[in-house]
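A.B. asks: pasting the sequence and the predicted coordinates here, then a few questions.
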Amino acid sequence: VIMQGVDLLNPSAYIAGKLTMQSLGVVGIPGVTIEATEFEVYLNFGLSTSSGFAVVDFSAYEGGEYEIETGNVDEPVVIDYDGFLLAASGELTIDLFDVVELKGVFDFELSEDGLQFFAAATARIKIGDTVLFEASAVGLISIDSRGLAAKLNLTTNLNLGDILAFNAEFEFLINTTEEEIVYEVPERLQSDELGFTRVTIPAGPPELGGAPDNPETPSLNEGEPGFYMVIRAEGELTIASVITFEGFFYIKISETEFELAISATADLFIGTLGAAGNLVIGQNGVYGALSMAASAGLGTNGVFEITGQFQLEMNFTGSDQSVLTLNVADDGRVVGTRMTTIASNTIRIVAGAKLKLLGVVEISGYLEMEFSDTGFMLFVRMKMAIGGLVSIDVVGGIAIQEINGEAVFAFAIDVSFDLSLSGALQ
């Protein structure tokens, strides 16, 4: 419907309407399919020299709505808008020569209450029935009087058979409203392929730990409500079905702190390598950790084996804190990450390594140092063994502590040597 003001000295025009199309597409191009379905447009806006962009309030009409005749008295177009509105939604499908596919849904609304935009799409590149590349994305933006909130989830998969395989998940979140934002997907856009009916942006930041969540549900580990921005990602890359890399990173910016965490592991044909760490800078101080580990070997009979670990932890706050560290199995393999606790006002360094040669010679060492507001401690252990013939073991420690207001010094060392010829004489 188009309306015009009656005041000739104050020109004005008003447009409102609803447009619904079950199907809209491009035809006549061989091998190309572009089709929009369930497509709907809603609009209500105006323009005048005296009142600017003022619109018609159709809810003020009798019955709270305005009816537009369509030729069918039983199915008029009903307009009940009471303010400015520009909205569009629908499904879109694109197919190029059965090689490139793009399918998704979108829902856009701009009104006096604010802006909201939702989109979910999947793209594929395939040869015959083999999918070489696939990516899916879900995004939501909400801007109103409360502030800004946005969420983007991206998943990618690349598969080149036994040559290369890559998959990754990415999530971006920002929320300045201090409130949970929930978007309900219109029922006509819901489907099994979409896989969810709502998108949630949590009021507080998702904490470290876990993969990017399903868009439908908030994080199980949610921080206090308030302004935040979070970026999370994790992925896996396999080369020639032999070498595998895994990793993730996490960045959080909030009103009270900045946090960065990263982890990476490599599974090689000779062993595993790994590194993990996080750093937090907040109003109460700084804390974090860095850990590295390696395990490698050659030969089925233990011709050469080496394992090693290094850990640095620091906490310059007044309370215990949780930090990220590698999860290392007893045999030295890196099997993931875990959270550990470090005491307040403490620096801790741990290092250890073990070397085996021909299954006969074994050399190992371990060192641990701790600096805290009560003093200093050092522990050392070194060991060498040659088969069952010779074994040398050195264990020692130093401690300088303040106990009951007095400085205390302690030192101890133990050396043991074992020589056995029984095995050699048999």
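C.D. replies: Everything's here; your move. Numbers count the residues shown, from 1 in each chain.
A.B. asks: shaky segments in this protein?
C.D. replies: For the chain, applying pLDDT under 70 flags the ranges 3-9, 49-53, 209-220, 298-302, 328-335, 421-426.
A.B. asks: all helices of it, in order?
C.D. replies: For the chain, the helices defined by DSSP state H cover 422-425.
A.B. asks: ok, residue 101 to residue 33 distance?
C.D. replies: 9 Å (CB to CB, to the nearest Å). Every C-beta, even on glycine, is put in place using the N, C-alpha and C of the backbone.
A.B. asks: which neighbours do those two share?
C.D. replies: Taking CB atoms under 8 Å, 6 or more residues apart in numbering as the contact rule, residue 101 and residue 33 both touch 94-95.
A.B. asks: hey, what's the residue positioned nearest the centre of the chain bridged with?
C.D. replies: Nearest residue to the geometric centre of the chain (CA atoms, centre = their mean): residue 232, 2.6 Å. In this structure, residue 232 bridges to residue 171, residue 250 when assessed by DSSP bridges.
A.B. asks: so it is in contact with residue 171, correct?
C.D. replies: Yes: taking contacts as CB atoms under 8 Å, residue 232 lies within contact range of residue 171: 4.6 Å.
A.B. asks: run through the residues that contact residue 277.
C.D. replies: With contacts defined as CB under 8 Å, 6+ apart, residue 277 is in contact with 261-263, 288-291, 324.
A.B. asks: count of neighbours near residue 162?
C.D. replies: 10 (other CB atoms under 10 Å).
A.B. asks: from residue 338, how far off is it?
C.D. replies: Residue 162 sits 33 Å away from residue 338, going by CB to CB.
A.B. asks: residue 67 against residue 77, yeah?
C.D. replies: Yes: applying CB under 8 Å as the test, residue 67 and residue 77 come out as touching, 7.2 Å apart.
A.B. asks: so where's the longest strand in this protein?
C.D. replies: Longest strand of the chain, by residue count under DSSP state E: strand 32-48.
A.B. asks: so which elements touch that strand?
C.D. replies: Contact here means 3 or more CB pairs under 8 Å, 6 or more residues apart in numbering; DSSP states H and E; on that basis strand 32-48 packs against strand 12-26, strand 85-96.
A.B. asks: now it: buried residues?
C.D. replies: 35-36, 38-40, 42-46, 48 (16 or more other CB atoms under 10 Å).
A.B. asks: quick one, it and strand 12-26 angle?
C.D. replies: Computed with axes from the mean of the first three to the mean of the last three CA atoms, to 10 degrees, the direction of strand 32-48 lies at 180 degrees from that of strand 12-26.
A.B. asks: next, the angle from strand 32-48 to strand 85-96.
C.D. replies: 170 degrees.
A.B. asks: restricting to C-alpha, output strand 32-48 in PDB.
C.D. replies: This file holds the C-alpha atoms of strand 32-48, laid out as PDB (Å, rounded to 0.1, in the frame of the first residue of the first chain):
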ATOM      1  CA  VAL A  32      23.200 -23.400 -12.800                       C
ATOM      2  CA  THR A  33      20.500 -23.400 -10.100                       C
ATOM      3  CA  ILE A  34      19.700 -20.400  -8.000                       C
ATOM      4  CA  GLU A  35      16.500 -20.600  -6.100                       C
ATOM      5  CA  ALA A  36      14.900 -18.800  -3.100                       C
ATOM      6  CA  THR A  37      12.100 -20.400  -1.200                       C
ATOM      7  CA  GLU A  38       9.900 -19.400   1.700                       C
ATOM      8  CA  PHE A  39      10.900 -15.800   0.800                       C
ATOM      9  CA  GLU A  40       9.100 -13.000   2.800                       C
ATOM     10  CA  VAL A  41       9.500  -9.300   2.900                       C
ATOM     11  CA  TYR A  42       7.900  -6.900   5.400                       C
ATOM     12  CA  LEU A  43       8.200  -3.100   5.200                       C
ATOM     13  CA  ASN A  44       6.800   0.100   6.700                       C
ATOM     14  CA  PHE A  45       8.500   3.400   6.100                       C
ATOM     15  CA  GLY A  46       7.700   7.000   5.200                       C
ATOM     16  CA  LEU A  47       9.200  10.300   4.200                       C
ATOM     17  CA  SER A  48       8.000  13.900   4.600                       C
END
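A.B. asks: returning to what we had before: can you lay out the helices and strands packed on strand 32-48 as JSON lines showing distance to residue 126 and mean neighbour count?
C.D. replies: Putting these into JSON lines (distance: least, CB to CB, whole Å; neighbours: other CB atoms under 10 Å) gives the following:
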{"stretch": "strand 12-26", "distance to residue 126": "21", "mean neighbour count": "13"}
{"stretch": "strand 85-96", "distance to residue 126": "11", "mean neighbour count": "17"}
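A.B. asks: any chance of JSON lines for those strands, columns distance to residue 59?
C.D. replies: Output for the helices and strands packed on strand 32-48, formatted as JSON lines (distance: least, CB to CB, whole Å):
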{"stretch": "strand 12-26", "distance to residue 59": "12"}
{"stretch": "strand 85-96", "distance to residue 59": "12"}
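A.B. asks: out of those, nearest to residue 1?
C.D. replies: Residue 1 lies closest to strand 12-26 among the helices and strands packed on strand 32-48, at 5.4 Å (CB to CB).
A.B. asks: partners of that closest one, with directions?
C.D. replies: Strand 12-26 is paired, per DSSP bridges, with strand 2-4 (antiparallel), strand 32-48 (antiparallel).
A.B. asks: how about the nearest residue to residue 416, chain neighbours excluded?
C.D. replies: In space, residue 416 comes closest to residue 393 once its chain neighbours are excluded; the distance is 4.6 Å by CB to CB, 6 or more residues apart in numbering.
A.B. asks: list the contacts of the one you found.
C.D. replies: Counted by CB under 8 Å, 6+ apart, residue 393 has contacts 381-383, 414-417.
A.B. asks: check contacts around residue 102.
C.D. replies: Residue 102 touches 92-95, 121-124, counting by CB under 8 Å, 6+ apart.
A.B. asks: one more time with 7 Å
C.D. replies: Counting by CB atoms under 7 Å, 6 or more residues apart in numbering, residue 102 touches 94, 121, 123.
A.B. asks: closest to residue 16 out of those?
C.D. replies: Using CB to CB, residue 121 comes nearest to residue 16 of the contacts of residue 102, at 30.0 Å.
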